[in-house]
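Trainee: Please find the sequence and the predicted model below.
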Amino acid sequence: MEEDKVRGKAEPSGWPAKAWSLLSATRSESPLIQCITNFVSMDLMANTLLSAGASPAMIHSADEIPDFTPHARALCINVGTLSADWLPAMKLAAQFACQSCKPWVLDPVAAGASGFRLKACLELVELKPTVIRGNASEVIALSKASLGPSKGVDSSHESTDAVEAAKSLAQASGAIVAVSGAVDIVTDGERVVGAHNGVPMMQRITATGCSVTALIAAFVAVDPLHALEATVSALSIFGVAGEMGMNLAKGPASLRMHLIDSLYGLDDAVVHSRVSITSFS
Ligand SMILES: Nc1ncnc2c1ncn2[C@@H]1O[C@H](COP(=O)(O)OP(=O)(O)O)[C@@H](O)[C@H]1O
Ligand SMILES: Cc1ncsc1CCOP(=O)(O)O
Ligand SMILES: [Mg+2]
């Protein structure tokens, strides 16, 4: 019962306890997370989930979705290397997740880079993701339903430029919307909460954004009734792992390794001293 209280809505001063409770639950429950993701991120995403205690399955064939998706605790869909033949499976999996009352999380990689990609992302948003996590340029493109001045998968905006876009996307879609960056912003359309952890070098490793989206799926899997809290906690915990990893790293390649090791080794004391989450409204 005590655990239920801690897993509920975090009071402003209760964020570190909330984040620790969600990481602990992920370690003890080892939720099965189905990931339909891009070719670049498959390895780092699976290793991020494993190091956090979750159980990843990179299963994307439409032939397997009716049998498999209802058994997953959450689904992560990432359009990073999208092609027309993958989209039907993504939509089918989202539909199965919704029918089975399982949370699902969308990563709209490079949403504003092409008309094909933007249309696909908008169609996926129609299928009611629990959480949408992108960088600022992706969230602005999705919110305005328009192509952007695109740097491809990287952002040309700061996360703070995307607060209004995130709120309006959350209101229009019913999803929790997270914008990653120097400060990670999370909103349900009304509340706006920021996670202040992480290091700039995380942008120099491909698929850190994809991987934190999968970690969000794991945290939402263990606390589906508090998706905003789970989302901001996952972003903060991943950022703390980056900070701890940076203490040992010499550059992006060793940060990739040390980030994973740090996520695996995070303890109560480090989480309580490092998690930095504040409410903006
Ligand atoms: N300037 C920064 N300072 C600290 N952490 C950052 C910074 N930029 C990105 N991050 C972190 O790196 C991870 C990936 O975010 P981001 O680069 O925005 O995503 P994407 O790779 O999808 O563009 C997130 O955990 C985010 O918090
Ligand atoms: C480089 C690249 N190209 C297509 S998907 C991808 C990975 C993007 O990963 P992230 O959004 O986490 O930087
Ligand atoms: Mg990304």
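Mentor: Sure, I can see it. If you're wondering where the values come from, they're calculated on a predicted model, not measured in any experiment. Ligands and ions are numbered 1, 2, ... in the order given.

Trainee: can we go C-alpha only for contacts and neighbour counts from here?
Mentor: Fine.

Trainee: List of residues touching stretch 209-224?
Mentor: The contact list for stretch 209-224, computed with C-alpha atoms under 8 Å, 6 or more residues apart in numbering, reads 7, 22-23, 25-26, 29, 31, 33, 35, 41, 44-46, 48-49, 52, 54, 73-76, 78, 102-107, 133-135, 180, 226-227, 230-231, 233-235, 238.

Trainee: overlap between those residues and the residues near ligand 2?
Mentor: Restricting those to those within reach of ligand 2 (C-alpha under 6 Å from any ligand atom) leaves Ser41.

Trainee: where do the helices sit along the stretch 151-281 of the chain?
Mentor: Along the stretch 151-281 of the chain, counting by DSSP state H, counting those that start in this stretch, helices occupy 163-173, 208-222, 227-246, 252-265, 268-274.

Trainee: May I see the ones you listed organised as JSON lines, with mean neighbour count and mean pLDDT added?
Mentor: JSON lines is the format used below for these (neighbours: other C-alpha atoms under 10 Å; pLDDT from 0 to 100):
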{"stretch": "helix 163-173", "mean neighbour count": "21", "mean pLDDT": "98"}
{"stretch": "helix 208-222", "mean neighbour count": "29", "mean pLDDT": "99"}
{"stretch": "helix 227-246", "mean neighbour count": "27", "mean pLDDT": "98"}
{"stretch": "helix 252-265", "mean neighbour count": "19", "mean pLDDT": "98"}
{"stretch": "helix 268-274", "mean neighbour count": "15", "mean pLDDT": "98"}
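
Trainee: Mind checking what secondary structure the residue in the stretch 51-200 of the chain that ligand 2 sits nearest to has?
Mentor: Across the stretch 51-200 of the chain, the shortest distance to ligand 2 (C-alpha to the nearest ligand atom) belongs to Gly80, at 3.6 Å. Following DSSP: H, G, I helix; E, B strand; the rest coil, Gly80 is assigned to coil.

Trainee: who touches Ser100 in this structure?
Mentor: Going by C-alpha under 8 Å, 6+ apart, Ser100 touches Pro70.

Trainee: Quick check: the residue of the stretch 51-200 of the chain closest to ligand 2 touching Ile36?
Mentor: No - taking C-alpha atoms under 8 Å as the definition, Gly80 is not a contact partner of Ile36, at 10.0 Å.

Trainee: before we move on, back to that, in helices, which of the contacts of stretch 209-224 fall?
Mentor: 7, 22-23, 25-26, 29, 44-46, 48-49, 227, 230-231, 233-235, 238 (DSSP state H).

Trainee: quick one: which of the helices of the stretch 151-281 of the chain is nearest ligand 3?
Mentor: helix 208-222 (4.5 Å; C-alpha to the ion).

Trainee: Next, the angle from that closest one to helix 227-246.
Mentor: If you take axes from the mean of the first three to the mean of the last three C-alpha atoms, to 10 degrees, helix 208-222 sits at 130 degrees to helix 227-246.

Trainee: wait, does helix 208-222 contact ligand 2?
Mentor: Yes - judged by C-alpha under 6 Å from any ligand atom, helix 208-222 comes into contact with ligand 2 at Thr208, Gly209, Cys210.

Trainee: Just give me how far that helix sits from the chain centre.
Mentor: On the basis of C-alpha atoms, centre = their mean, to the nearest Å, helix 208-222 sits 4 Å off its chain's mean C-alpha point.
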